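*Asks:* Next one to model:
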Amino acid sequence: MGPTQGGLFCAIVQLMRIIKTSLLIAVLAVTPAMAQQPAAKTTEQQARSYIASAFITGAAPLILSDDVVLQPELRTKLALPTDANSRTVYQALMNLTNGKAVQVRPAIRDEVLKSQVLATPGKPVFALEAGTTTLVLQYDLERDNVAFVGQPTAIAATSAGSARVAKGGRASGAGARRNPRSGTGGKRARTCGDKAGNRSGAASCAASGRRADARPRRGSSCDSGAGAGRCTGGRRDAEARSADG
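*Replies:* Just a heads-up that it's a prediction; the model follows:
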């Protein structure tokens, strides 16, 4: 190998070393940046699939968050204490769905309202159907777990109670209407009140009242006025007839 070829070979080796070093520096610079990037956020479709898988297998208690909120009515139904952890809640829910075909779909508006769940951005609400059981679950896409579990029954129960109260109120009102008299002269007062809707009726009621007031009372018609004169004359005639006899 001549001097020219030897110099060319050394130049090539040095260039390869420079390229290798540059690539190594670039890789080291990019690796931390890639590690700092957050993981891809769970989508609603993935959340739906996770829920279905967790309640089909019965082996995924981590699907519920550690501070999962349980609807009060559902907690009572499951007989769970307020300090029950997420694993205990998961097992109790599995007792409702175990051995049944599970289907997960987006919850409808009525189910959301009745379950008392608060609609929040980034937390879609799903309905899980297992036989005759329906659960309403709110999934936190950022934390990647279920934040709320309930059932669409609360408002229905409240409405039934309100209907019973309203029915009792109507029955009480009907009983009051069946008792038409209230105090003395109730019937006459109501009749005149009905007639008072027009002028002629009001005049008729007033005239009737005056006639009733002008009618003399028994045993007191000779107390005053013209009645007293007639009564006095009658007594004198009776005394004269008695003297003639």
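
*Asks:* Let's verify the residue nearest to Asn85 when sequence neighbours are not counted: helix, strand, or coil?
*Replies:* Distance criterion CB to CB, 6 or more residues apart in numbering; nearest residue to Asn85, sequence neighbours excluded, is Asp66 at 7.4 Å. (Each C-beta comes from the backbone N, C-alpha and C, glycine too.) Assigned with DSSP: H, G, I helix; E, B strand; the rest coil, Asp66 falls in the strand class.

*Asks:* Now do stretch 111-129: distance from first to last residue.
*Replies:* 12 Å (CA to CA, to the nearest Å).

*Asks:* residues making contact with that stretch?
*Replies:* 44, 47-48, 51-52, 55, 71, 97, 102-108, 134-142, 147-148, 150-156 (CB atoms under 8 Å, 6 or more residues apart in numbering).

*Asks:* Buried among the residues you listed? Need that as a selection in PyMOL.
*Replies:* To isolate the buried ones among those in PyMOL, judged by 16 or more other CB atoms under 10 Å, type:
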select buried, resi 47+48+51+52+55+71+97+102+104+107+134+135+136+137+138+139+140+141+147+148+150+151+152+153+154
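
*Asks:* Quick check: Gln91 touching Pro61?
*Replies:* Yes - Gln91 is within contact range of Pro61, at 7.5 Å (criterion: CB atoms under 8 Å).

*Asks:* for the record, mean pLDDT for the helix or strand harbouring Cys10?
*Replies:* In this assignment (DSSP states H and E), Cys10 forms part of helix 3-36. Taken as a whole, helix 3-36 has a mean pLDDT of 68.
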